[in-house]
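Student: compute the structure for the input listed below.
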Amino acid sequence: MDLKQLMNLPGALAAFTYTDKGDLTDHVVREGSEITREVLDLLAHSCVANIAIATLEARGWEALTGQKGFEPLQGFSMIGLEWSVVLTGRCGVIMKNRDVNYEDAFNAIEACGAAQHMQGAA
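Tutor: Next up is the predicted model:
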């Protein structure tokens, strides 16, 4: 699956990929959307930071309680007032809240992430 296919998800406003440091590598934005490349660049950096914080919390919780299963993180979503961001790996999609189906989005993005990983390995 590629970014253009992610844009077929209901309510998709933008789809993007980024490096492990948060640098935007590719993106597609729906025409007429208020999403800009600059917004996606900030969002990609925010995603990396949030994954790092969530990993820190998961490791700390496992170490403190002895409970296991919080790692590895598979992805996450951020829900805003009008739109949400769903991501796994190094792929993300921004979707209108009124249209988002999180399970479908995670499944589609997981396929995108697997494709990105295979391209990087080639």
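Student: what's the average pLDDT for stretch 65-73?
Tutor: The average pLDDT for stretch 65-73 rounds to 89.
Student: so how far is that stretch off the chain centroid?
Tutor: For stretch 65-73, the separation from the chain centroid amounts to 21 Å (computed by Cα atoms, centre = their mean, to the nearest Å).
Student: next: stretch 11-18.
Tutor: Taking Cα atoms, centre = their mean, one finds stretch 11-18 lying 8 Å from the centre of the chain it belongs to.
Student: residue 107 - that's part of a helix, no?
Tutor: Yes - with DSSP: H, G, I helix; E, B strand; the rest coil as the criterion, residue 107 is assigned to a helix.
Student: against residue 97, how distant is it?
Tutor: To residue 97, residue 107 is 19 Å away according to Cβ to Cβ, to the nearest Å. In this view, the C-beta of every residue, glycine as well, is placed from N, C-alpha and C.
Student: understood, closing this out.
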